[in-house]
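*Asks:* Below is the structure, and that's it, no one-letter string:
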Ligand SMILES: O=C(O)C1=C[C@@H](OP(=O)(O)O)[C@@H](O)[C@H](O)C1
Ligand SMILES: C=C(OP(=O)(O)O)C(=O)O
């Protein structure tokens, strides 16, 4: 039974880079993800004057609790929302003038609730073009702290960014959250802040973050659970195929591992051990209705295998997938229709009926890594699918096509 070596988590690598940069001392990050998003994050830190030493197995970061080493910097955040939303916050806690820009799609993605909260905290932040979007300039003079109200109904990354900022303020932060999507990502943030020496106190929707800074540490990065979803789905759609992912088990930080529970409900056999997870295809793949608000990065994975189920698959509460690398609800529906599969969508849902995807179809990627990786799973049962931009997997998994081809060869 093949064990699949999944690269490190994007979300954990980004947080670890932030925390290590802000900590007092040198931190070592073991098995970081090396991909466009995380290389972009590390490059952003370097542009701000942090030292990031990189070997294939570990990245080492010299922390600077006082903030960026340079008084001026221009940072290009590429296509990564973690970079584009977390780094301006790190810069705000320092002293200097820092400009941030990003890819055309990242410029379109929203940022307003976060930048409004920063201004409420006294940060001098200007949007150069559209209000609430990149490019933006922060004239940083440290952050005093205090209380702030935040709507994280479009992205949990706004809340993560403010939580990460809390210990770098002079008096600490109290964050009152009015709405929240992708809640498990906030759990990752809190657990990692704890590993770097900070305990956040939560009372319902209120988060109290103490001042005092972070402690440097050695941090091992788990495999990426969203990436693993393609390999687990590959097992679920192929009778007799088994996929084991070491390093993702009961203690995993990432909510996206819950995707295997969706596959279990559909009929796959799933085993979650302390340090590994196995999915086995049984030949049964039932339809279902599922709320994916917590784990919406795996919505395209499910949408792409949905036509192969014996009944309709309805995915609900995923409105914010419309503001990711592309409008994912629309991109999934568009590609399913290209494949000849009956599909309907609403503002925050998609429903896919059973169908036989048309061999040889050209998949339109919309520059979105998850569209490519998701429909590659459909491709296991549908010969000859092609992609207009297969290379866009570089955002989170440059070696995806080779790794996925190896899976097909061994089972
Ligand atoms: O904090 C993070 O690392 C992430 C949070 C999620 O975003 P939203 O909270 O915007 O849904 C997720 O989709 C993204 O891939 C990574
Ligand atoms: C939405 C994603 O990334 P981000 O928001 O971090 O750019 C993703 O990886 O699916």
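*Replies:* In hand now; what should we look at? Just so we're clear, the structure is a prediction, and the values are computed from it rather than from any experiment. Ligands and ions are numbered 1, 2, ... in the order given.

*Asks:* Please tell me the pLDDT value assigned to residue 2.
*Replies:* For residue 2, the pLDDT comes out at 77.

*Asks:* Pull the number of nearby residues for it.
*Replies:* When neighbours are defined as other C-beta atoms under 10 Å, residue 2 has 15 of them. From N, CA and C alone the C-beta is placed, and that goes for glycine too.

*Asks:* what separates it from residue 400, distance-wise?
*Replies:* Separation of residue 2 from residue 400 (C-beta to C-beta, to the nearest Å): 16 Å.

*Asks:* separation between the closest residue to residue 337 other than its chain neighbours and ligand 2?
*Replies:* Of all residues beyond its chain neighbours, the one nearest residue 337 is residue 343 (6.1 Å), with distances taken as C-beta to C-beta, 6 or more residues apart in numbering. Applying C-beta to the nearest ligand atom, to the nearest Å, the value for residue 343 to ligand 2 is 20 Å.

*Asks:* Next to ligand 2, which bits of the stretch 151-300 of the chain? Give me the list.
*Replies:* Residues of the stretch 151-300 of the chain lying near ligand 2 by C-beta under 6 Å from any ligand atom: residue 297.

*Asks:* Show me where the stretch 151-300 of the chain has its strands.
*Replies:* With DSSP state E, counting those that start in this stretch applied, the stretch 151-300 of the chain shows strands at 173-180, 201-203, 206-209, 214-215, 218-220, 242-246, 269-272, 276-280, 288-291, listed in chain order.

*Asks:* Out of those, flag the one nearest ligand 1.
*Replies:* Among the strands of the stretch 151-300 of the chain, strand 173-180 comes nearest to ligand 1, with 8.6 Å by C-beta to the nearest ligand atom.

*Asks:* for that closest one, packing partners?
*Replies:* Here strand 173-180 touches strand 146-152, helix 157-165, strand 206-209, going by 3 or more C-beta pairs under 8 Å, 6 or more residues apart in numbering; DSSP states H and E.

*Asks:* name the helices or strands packed onto the second one?
*Replies:* To tie it back to what came earlier, the one meant is helix 157-165. On a contact count with 3+ C-beta pairs under 8 Å, 6+ apart, helix 157-165 meets helix 10-22, helix 81-92, helix 112-120, strand 146-152, strand 173-180, helix 183-195, strand 206-209.

*Asks:* That one: how far from the chain's middle?
*Replies:* Distance of helix 157-165 from its chain centroid, counting by C-alpha atoms, centre = their mean, to the nearest Å, is 14 Å.

*Asks:* What is the burial count for the residue of the chain found nearest ligand 2?
*Replies:* Closest contact between the chain and ligand 2, by C-beta to the nearest ligand atom, is at residue 81 (3.3 Å). Using other C-beta under 10 Å, residue 81 has 21 other residues around it.

*Asks:* Hmm, it is touching residue 109, no?
*Replies:* Yes: between residue 81 and residue 109 there is a contact under C-beta atoms under 8 Å: 6.1 Å.

*Asks:* Which neighbours do those two have in common?
*Replies:* Taking C-beta atoms under 8 Å, 6 or more residues apart in numbering as the criterion, residue 81 and residue 109 both touch residue 324.

*Asks:* Look up the closest residue to residue 339, ignoring the ones flanking it.
*Replies:* Using C-beta to C-beta, 6+ apart and skipping the chain neighbours, the partner closest in space to residue 339 is residue 357 (3.9 Å).

*Asks:* Thought residue 353 was touching the residue nearest to residue 337, still the case?
*Replies:* Yes: assessed by C-beta under 8 Å, residue 343 is found in contact with residue 353 at 7.1 Å.

*Asks:* Can you give me the pLDDT of the residue lying closest to residue 246 once chain neighbours are set aside?
*Replies:* Spatial nearest neighbour of residue 246, excluding adjacent residues (C-beta to C-beta, 6+ apart): residue 276 at 4.7 Å. Per-residue confidence (pLDDT) for residue 276: 98.

*Asks:* hey, which helix or strand in this protein has the poorest pLDDT?
*Replies:* helix 400-410 (a mean of 88; mean pLDDT, DSSP states H and E).

*Asks:* can you list contacts of that helix?
*Replies:* Residues outside helix 400-410 that contact it (C-beta under 8 Å, 6+ apart) are 2, 4-5, 227, 230-231, 234, 243, 369, 372-373, 376, 380, 390, 393, 397.

*Asks:* Out of the residues you listed, name the ones that lie in helices.
*Replies:* Cross-referencing those against helices under DSSP state H gives 227, 230, 231, 234, 369, 372, 373, 376.

*Asks:* give the contact list for the last one.
*Replies:* Taking C-beta under 8 Å, 6+ apart as the criterion, residue 376 is in contact with 230, 385, 400, 401, 404.

*Asks:* Distance check, the last one against ligand 1.
*Replies:* Distance, residue 404 to ligand 1, using C-beta to the nearest ligand atom: 20 Å.

*Asks:* Right, I'll leave it there.
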